[in-house]
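*Asks:* missing the sequence, but the structure's below:
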């Protein structure tokens, strides 16, 4: 809840949403919702940077920078399912260091029903065998934040 004073107010983020934001580097817009007038007023930007740790050689590295470590499949043949599943559906897998609860794989702009496990996201693509030759982007919507992380492009031959 917010604390309201005559000339200012304070508020905070709690629980899983707070953990998700502080563990996902990026920029988040901060806005005030005016219930009385039903308007949103921009306040500014909240920036989360990766934690730094010192390596043995004295250099620093990002600890919690979100990265896609591996994903697949990366190629497919038109007319055939890729990574075929029982029932004939296609499927993707993505290994990442930020597989947050609520994360979703988005394939060619379509949100897929995604299973989240520690460091692994998986999702089925019902009509993967119907894809025409071309390149189709695969992205991750990180948790409930709306931030997108690009995985790559499926190349259909």
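*Replies:* Received it, and whenever you're ready, just let me know what you need. Everything numeric in this text was worked out from a predicted model, so none of it was measured.
*Asks:* from memory residue 153 sits against residue 135, does it?
*Replies:* Yes. Counting by Cβ atoms under 8 Å, residue 153 does reach residue 135; the two are 4.4 Å apart. For the C-beta atoms, the positions are set from N, CA and C on the backbone; glycine is no exception.
*Asks:* Between those two, which is the more surrounded one?
*Replies:* More neighbours surround residue 153 than the other of residue 153 and residue 135, with 14 against 10 (other Cβ atoms under 10 Å).
*Asks:* Next, the contact list for the residue nearest the centre of the chain, please.
*Replies:* By Cα atoms, centre = their mean, the chain has its centre lying nearest to residue 142, at 2.1 Å. With contacts defined as Cβ atoms under 8 Å, 6 or more residues apart in numbering, residue 142 is in contact with 20, 24, 66, 98, 100, 103, 148-149.
*Asks:* okay, it: pLDDT?
*Replies:* If you check residue 142, the pLDDT there is 87.
*Asks:* ditto for residue 81
*Replies:* Residue 81 carries a pLDDT value of 95.
*Asks:* Can you tell me which helix or strand of the protein has the lowest average pLDDT?
*Replies:* Between all helices and strands in the chain, the lowest mean by mean pLDDT, DSSP states H and E belongs to strand 60-62, at a mean of 44.
*Asks:* which parts of the helix or strand following it are buried?
*Replies:* Using DSSP states H and E, the helix or strand that follows strand 60-62 in sequence is strand 68-72. Neighbour counts over strand 68-72 (16 or more other Cβ atoms under 10 Å) mark 68, 71-72 as buried.
*Asks:* And strand 68-72, what does it pack against?
*Replies:* For strand 68-72, the packing partners by 3 or more Cβ pairs under 8 Å, 6 or more residues apart in numbering; DSSP states H and E come out as strand 90-96, strand 148-156.
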